[in-house]
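Participant: Would you be able to build a 3D model of this:
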Amino acid sequence: MGLIVTIIVGFIVGLIARAIMPGNQSMGLIMTTILGIVGALLASYGGGMLGLYPAGSPVGWIASVIGAIVVLFLYGLVTKKS
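Facilitator: Have a look, this model is predicted:
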């Protein structure tokens, strides 16, 4: 059950991050989900290591979206066409 919830949350976070980030990100549903999961993990572990917020707090959603935006920005830099 935990894996399914992680995938659903990752998908939602990925969609929000893609909606906030300007520009055209040509990604499918799977890449959007992976983006959200990686962003949420980045924010979760980063916030936990810094002691900014406890696990399961509502601010974790905001941090997850910010983490996904960071990952999306880095993804754009890596896949940038010259």
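
Participant: ok, Ala40 - contacts?
Facilitator: By C-beta atoms under 8 Å, 6 or more residues apart in numbering, the contact set of Ala40 is Thr6, Val9, Gly10, Val13, Ser64, Gly67, Ala68. In short, each C-beta sits where N, CA and C put it, glycine included.

Participant: what's near enough to touch the third one?
Facilitator: Contact partners of Gly10, counting by C-beta under 8 Å, 6+ apart, are Thr33, Ile34, Leu35, Gly36, Ile37, Val38, Gly39, Ala40.

Participant: picking up where we left off before, which of the contacts of Ala40 tops the neighbour count?
Facilitator: Ranked by neighbour count (other C-beta atoms under 10 Å), the contacts of Ala40 have Ala68 at the top, with 31 neighbours.

Participant: Could you find the closest non-adjacent residue to that one?
Facilitator: Nearest residue to Ala68, sequence neighbours excluded (C-beta to C-beta, 6 or more residues apart in numbering): Gly39, at 2.7 Å.

Participant: try Gly67
Facilitator: Per C-beta to C-beta, 6+ apart, closest to Gly67 is Ala43, 3.3 Å.

Participant: Tell me where this structure has helices.
Facilitator: 2-20, 29-50, 59-78 (DSSP state H).

Participant: re earlier: buried among the contacts of Gly10? Make that a ChimeraX selection.
Facilitator: Buried residues among the contacts of Gly10 (16 or more other C-beta atoms under 10 Å), as a ChimeraX selection:
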select :33,34,35,36,37,38,39,40
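
Participant: Count the neighbours of the residue nearest to Gly67 for me.
Facilitator: Counted with other C-beta under 10 Å, Ala43 comes out at 26.

Participant: Please apply the same query to Tyr75.
Facilitator: As a burial measure, Tyr75 scores 18 neighbours (other C-beta under 10 Å).

Participant: what does Arg18 give?
Facilitator: Arg18: 19 neighbours (other C-beta under 10 Å).

Participant: same deal with the one 4 residues further on?
Facilitator: Residues contacting Pro22 under the criterion other C-beta under 10 Å number 5.

Participant: May I have the phi/psi pair for it?
Facilitator: phi -70, psi 150 (degrees, to the nearest 10).

Participant: Lovely, talk soon.
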